[in-house]
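**Q** need coordinates for the following:
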Amino acid sequence: MTDLTANTPEKKPRRHIGKMIIGFLISLVFIGLALYNVDFGKLGQIFLRVQWVWLVPGGVLIFITYFLRGVLWKQLLRKYPVRLWNLFRIITLGYFANNILPLRLGEVIRAWLLSRKENLPVSTSLATVVIERGLDLFALLSYFLLMLFLVPFEHWLKLSGLILAGIAVVFALVILLNYKYGGHLVEWIEKPLLKLPGNMGKWIHVQFEKFLQGLKLLEDTGQLLRVVLLALGNWLIWISVVYICFQAMGLDLSFLAAIFLIVVLNFGLMLPSSPGGLGVFEFMVILALKPFGIEKEVALGLGFLFHMLQYLLTLVVGWIFALQLNVSMVKAYQRSEHAEGGNGQGTDSGEQATEVETHNRASLL
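**A** Numbering: from 1, shown residues only. The predicted structure follows:
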């Protein structure tokens, strides 16, 4: 194992500490909201009625989603000879890191693991993660909009859906404009972004550059269609896992309710929180099931069940893969801030990318 003693920072970056404190405070608030006015006796009775055998196919489907995400990743990187087995393990490790580390650093960690294991430029690895997240957003919004036409929800919810649809349209326009104008998009938005307060403009600019870098990997409409279908299929399986949890709890809820829960849950988890989204996860499940008339105790029980299913499975298998790949999550966390910041100014060319890549390979060994 590579010695990191000489390079490991003595103190955690201050901005990391501040973000962690905010995340934990938000989790505490949502834990309080989730547990407020709950009848714990009724909650205990609900767990006694759970049909645990349903969780077996649910667990299998969770790892199928990780595998499908690996297939999607491989499709994005079709110009590179990447190995699907490595992609599957790295993706599982990313979820594992998100469950034990603050600030959702699993996204950064899996990008650098991909760089190390498959000898890819760091900028390319990070770009694939950004474009993958864009595909996730598109897929979730597609399911959400479909559901809004089929279920008579309240006016405010449909209005929210239209706003989110606007975001999806902007996402699609960026793809089309990028194919037509390429890197000039960055030049057009650079000056307005720099006028934003603080580092906000710089951060958006860097993320947009990564997004455009990822779009360069999409060379034709056939490849774009395949990755979109893989993203839709991946989230369809996650929705199926929720529906299986409905069956385990004995809930008479439709597949549309599972779609709604997945969408609300994932948008809620964009909030900063403690590792694994504790509190935020459970409250978002309660919020998502309220329009369907589900009691708070039942919704909370379902939230615990679904959360623990994916959390514990990923924890066990992720730990095994971390041993296989000789990855220290503590050292990866210590270096992640520097690594992410280093890439923010990086390019595809040459020496700078190589230097950042070499540094981050060492930090993850």
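**Q** when you work out contacts or count neighbours from here on, use the C-alpha atoms and nothing else.
**A** OK.
**Q** got a list of contacts for stretch 25-42?
**A** For stretch 25-42, contacts defined as C-alpha atoms under 8 Å, 6 or more residues apart in numbering pick out 272-274, 277-280, 282-283, 286, 296-297, 300.
**Q** stretch 301-318 too?
**A** Here stretch 301-318 has contacts from 43, 46-47, 55, 59, 62, 89, 92-93, 95-96, 99, 242, 245-246, 249, 276, 281-283, 285-286, using C-alpha under 8 Å, 6+ apart.
**Q** just give me how far the host helix or strand of Ile22 sits from the chain centre.
**A** Counting by DSSP states H and E, the element that carries Ile22 is helix 14-35. Distance, stretch centre to chain centre, for helix 14-35: 18 Å (C-alpha atoms, centre = their mean, to the nearest Å).
**Q** quick check on the closest residue to Trp54 other than its chain neighbours: phi, psi?
**A** Distance criterion C-alpha to C-alpha, 6 or more residues apart in numbering; nearest residue to Trp54, sequence neighbours excluded, is Ala248 at 5.4 Å. Main-chain torsions, Ala248, degrees, to the nearest 10: phi -60, psi -30.
**Q** quick one, helices of the stretch 201-350 of the chain?
**A** In the stretch 201-350 of the chain, the helices defined using DSSP state H, counting those that start in this stretch lie at 221-249, 255-268, 280-289, 296-325, 329-344, 350-364.
**Q** mean pLDDT, distance to Ile109 and mean neighbour count added to the ones you listed, as CSV?
**A** CSV is the format used below for the helices of the stretch 201-350 of the chain (pLDDT from 0 to 100; distance: least, C-alpha to C-alpha, whole Å; neighbours: other C-alpha atoms under 10 Å):
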stretch, mean pLDDT, distance to Ile109, mean neighbour count
helix 221-249, 95, 21, 19
helix 255-268, 91, 20, 19
helix 280-289, 94, 22, 24
helix 296-325, 94, 12, 19
helix 329-344, 57, 7, 18
helix 350-364, 35, 8, 18
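**Q** pLDDT score for Pro192?
**A** Looking at Pro192, its pLDDT stands at 72.
**Q** if you could redo that for His205, that was the one I meant.
**A** On the pLDDT scale, His205 gets 70.
**Q** tell me how many other residues crowd it.
**A** By other C-alpha atoms under 10 Å, the residues close to His205 number 20.
**Q** could you report the separation of it from Phe211?
**A** Separation of His205 from Phe211 (C-alpha to C-alpha, to the nearest Å): 10 Å.
**Q** same thing with Phe321?
**A** Taking C-alpha to C-alpha, one finds Phe321 at 28 Å from Phe211.
**Q** what of Ser254?
**A** 36 Å.
**Q** swap in Gly301?
**A** Using C-alpha to C-alpha, we find Gly301 at a distance of 38 Å from Phe211.
**Q** for Val151, same thing?
**A** On the measure of C-alpha to C-alpha, Val151 and Phe211 end up 34 Å apart.
**Q** neighbour-wise, which of these two wins?
**A** Each of Val151 and Phe211 has its neighbours counted (other C-alpha under 10 Å); Phe211 has more, 22 against 11.
**Q** ok, now which ones touch that one?
**A** Neighbours of Phe211 in contact, by C-alpha under 8 Å, 6+ apart: Ala127, Val130, Ile131.
**Q** okay if I get the residues you listed as TSV plus secondary structure, neighbour count and distance to Lys117?
**A** Shown next, in TSV, are these (DSSP: H, G, I helix; E, B strand; the rest coil; neighbours: other C-alpha atoms under 10 Å; distance: C-alpha to C-alpha, whole Å):
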residue	secondary structure	neighbour count	distance to Lys117
Ala127	helix	24	16
Val130	helix	23	19
Ile131	helix	22	20
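**Q** which element is the residue of the chain most remote from its centre on?
**A** Farthest-out residue of the chain from its mean C-alpha position, per C-alpha atoms, centre = their mean: Gly41, at 34.2 Å. Per DSSP H and E: Gly41 is located in helix 40-48.
**Q** can you name the next helix or strand after that helix?
**A** helix 55-76.
**Q** from the contact counts, what lies against that following helix?
**A** Here helix 55-76 is seen to pack against helix 84-100, helix 122-150, helix 221-249, helix 296-325 when contacts are counted using 3 or more C-alpha pairs under 8 Å, 6 or more residues apart in numbering; DSSP states H and E.
**Q** buried ones in the first one?
**A** Meaning helix 84-100. Buried residues in helix 84-100, counted by 16 or more other C-alpha atoms under 10 Å: 84, 86-100.
**Q** what's the distance between the residue nearest to Trp54 and Pro197?
**A** When C-alpha to C-alpha is applied, the distance between Ala248 and Pro197 equals 49 Å.
**Q** go on, Met249?
**A** With distances taken as C-alpha to C-alpha, Met249 is found 48 Å from Pro197.
**Q** over to Leu302?
**A** When C-alpha to C-alpha is applied, the distance between Leu302 and Pro197 equals 41 Å.
**Q** same question for Leu218.
**A** For Leu218, the distance to Pro197 - C-alpha to C-alpha - is 33 Å.
**Q** do the same with Val53
**A** 53 Å.
**Q** Leu164 too?
**A** For Leu164, the distance to Pro197 (C-alpha to C-alpha) stands at 25 Å.
**Q** the two: which is more packed in?
**A** Using other C-alpha under 10 Å, the more surrounded residue of Leu164 and Pro197 is Leu164, with 19 against 9.
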